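Trainee: Just the structure for this:
(chains A and B)
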Amino acid sequence: DVKVTQSSRYLVKRTGEKVFLECVQDMDHENMFWYRQDPGLGLRLIYFSYDVKMKEKGDIPEGYSVSREKKERFSLILESASTNQTSMYLCASSVLSDNSPLHFGNGTRLTVT
Amino acid sequence: GQSLEQPSEVTAVEGAIVQINCTYQTSGFYGLSWYQQHDGGAPTFLSYNALDGLEETGRFSSFLSRSDSYGYLLLQELQMKDSASYFCAPLISSGSARQLTFGSGTQLTVLP
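Mentor: All right, here's what the predicted structure looks like:
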């Protein structure tokens, strides 16, 4: 069974802090994704990666960066957290195939105060 | 531009059939996925349609019409546990890769 693990379930940070959200998958998947989920807006793609050291911007990359130094790990970085980045962050992974399902982690609820 | 529409809420009774529609307007379209998400849980994959027509998986079926930019998820013999949010997600080209773009979701409430 595929397991996608996000390092924290809940996180509270202050405005201006640098925040790292970590995600690890155990199935040797090529693709990894970061989404944020907000009520009424669904899931919006922030960044994704289809290989180590590769990254592609999603629909809302502003204010975020990512790092993929190893195949199993994909990190989301908030360089200077702001209150409008308070959200649920979901990491997902998949194999490199069109009909391959995304496997999601349980999410990190980030609150920026 | 790109757009994706699905109803925000649907209510039905146990044992009934419900259809959740999804219309999309996007370039570089490859196929349409559906995901289910229970409150407090992670989204889970239900189906993927690359070709026109109906795909059936147990009580759930998914339909795609590429010419109409339209799809739907059909849930039969509704059970209480089907109460969840359902997301349609077109697979589209993005730069040199492909990405899933999710709709805002349909909250399905199944009543006893």
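
Trainee: Looking from chain B, tell me which residue of chain A is nearest.
Mentor: For chain A, the residue positioned closest to chain B under C-beta to the nearest C-beta is residue A:101, at a distance of 3.2 Å. Using the backbone N, CA and C atoms, a C-beta is placed for each residue, glycine as well.

Trainee: Next, that residue: phi, psi?
Mentor: Note on residue A:101: backbone dihedrals following degrees, to the nearest 10 are phi -70, psi 150.

Trainee: list the contacts for it?
Mentor: Applying C-beta atoms under 8 Å, 6 or more residues apart in numbering or on different chains, we find residue A:101 in contact with A:94, B:33, B:45, B:48.

Trainee: Look at the first one and say how many residues are nearby.
Mentor: This points to residue A:94. Other residues near residue A:94 number 25, with proximity taken as other C-beta atoms under 10 Å in any protein chain shown.

Trainee: Residue numbers of chain A in contact with chain B?
Mentor: Selection of chain A residues close to chain B by C-beta under 8 Å from any C-beta of the partner chain yields A:33, A:35, A:40-45, A:48, A:50, A:56-59, A:90, A:98-99, A:101-107.

Trainee: So which of these are in strands?
Mentor: Among the residues of chain A next to chain B, the subset assigned to strands under DSSP state E consists of A:33, A:35, A:42, A:43, A:44, A:45, A:48, A:56, A:57, A:90, A:103, A:104.

Trainee: Look through chain B and tell me its longest strand.
Mentor: Here the longest strand in chain B is taken by residue count, with DSSP E as the criterion, and it is strand B:84-94.

Trainee: Isn't residue A:94 up against residue A:74?
Mentor: No: with the criterion set as C-beta atoms under 8 Å, residue A:94 and residue A:74 do not qualify as a contacting pair; they are 11.9 Å apart.

Trainee: Overlap of the contact sets of these two?
Mentor: With contacts defined as C-beta under 8 Å, 6+ apart, the residues adjacent to both residue A:94 and residue A:74 are residue A:33.

Trainee: returning to that earlier point: out of the ones in strands among the residues of chain A next to chain B, the closest to residue B:80 would be?
Mentor: Using C-beta to C-beta, the shortest approach to residue B:80 within those belongs to residue A:104, at 23.1 Å.

Trainee: Of the ones in strands among the residues of chain A next to chain B, which pair is most distant in space?
Mentor: Spanning the widest gap among those are A:57 and A:103, at 21.9 Å by C-beta to C-beta.
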